[in-house]
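>>> Need a 3D model of the following:
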Amino acid sequence: MLGNLVLTFLDSQNKKRNLTIRNIPETVDPEAIKALVELITVQNFFGTDDISWYQSAYSAKLVLTTENVYFSV
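Predicted structure coming up:
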């Protein structure tokens, strides 16, 4: 099953910011997620001149959704 990986960071103003990555298999290695989060914080990929959007890691979760189809034409 695929899910959405929701990474939550604190920006340089201590506000929460989410980064969502879609279609991640539920068997994803937690260590790979941790390495990705560390890479994003260290490289400072996102932000503006004034604000670093993903300065420090806050949380990571894989959101899986079950769809129940009751009727289809």
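>>> Show me the helices in this protein, by range?
30-43 (DSSP state H).
>>> which outside residues touch the lowest-mean-pLDDT helix or strand in the chain?
In the chain, the helix or strand scored least confidently by mean pLDDT, DSSP states H and E is helix 30-43, which has a mean of 94. The set of residues external to helix 30-43 that reach it, using Cβ atoms under 8 Å, 6 or more residues apart in numbering, is L5, L7, F9, L19, F46, Y54, Q55, S56, A57, A60. For glycine as for every other residue, the C-beta is placed from the backbone atoms N, C-alpha and C.
>>> try 6 Å
Helix 30-43 is contacted from outside by L7, Y54, A57, A60, using Cβ atoms under 6 Å, 6 or more residues apart in numbering.
>>> Who are the contact partners of the first one?
If I follow you right, that is L7. Contacts of L7 by Cβ under 6 Å, 6+ apart are L19, V37, A60.
>>> residue ranges for the strands of the protein, please.
Using DSSP state E, the strands of the chain run over 2-10, 16-25, 56-63.
>>> any chance of those strands in a markdown table, plus mean pLDDT?
Shown next, in a markdown table, are the strands of the chain (pLDDT from 0 to 100):
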| stretch | mean pLDDT |
| --- | --- |
| strand 2-10 | 96 |
| strand 16-25 | 96 |
| strand 56-63 | 96 |
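>>> could I get those as JSON lines with distance to Y70?
JSON lines is the format used below for these (distance: least, Cβ to Cβ, whole Å):
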{"stretch": "strand 2-10", "distance to Y70": "22"}
{"stretch": "strand 16-25", "distance to Y70": "25"}
{"stretch": "strand 56-63", "distance to Y70": "22"}
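>>> among these, which is the most enclosed?
By mean neighbour count, with neighbours taken as mean count of other Cβ atoms under 10 Å, strand 2-10 ranks first of the strands of the chain at a mean of 17.
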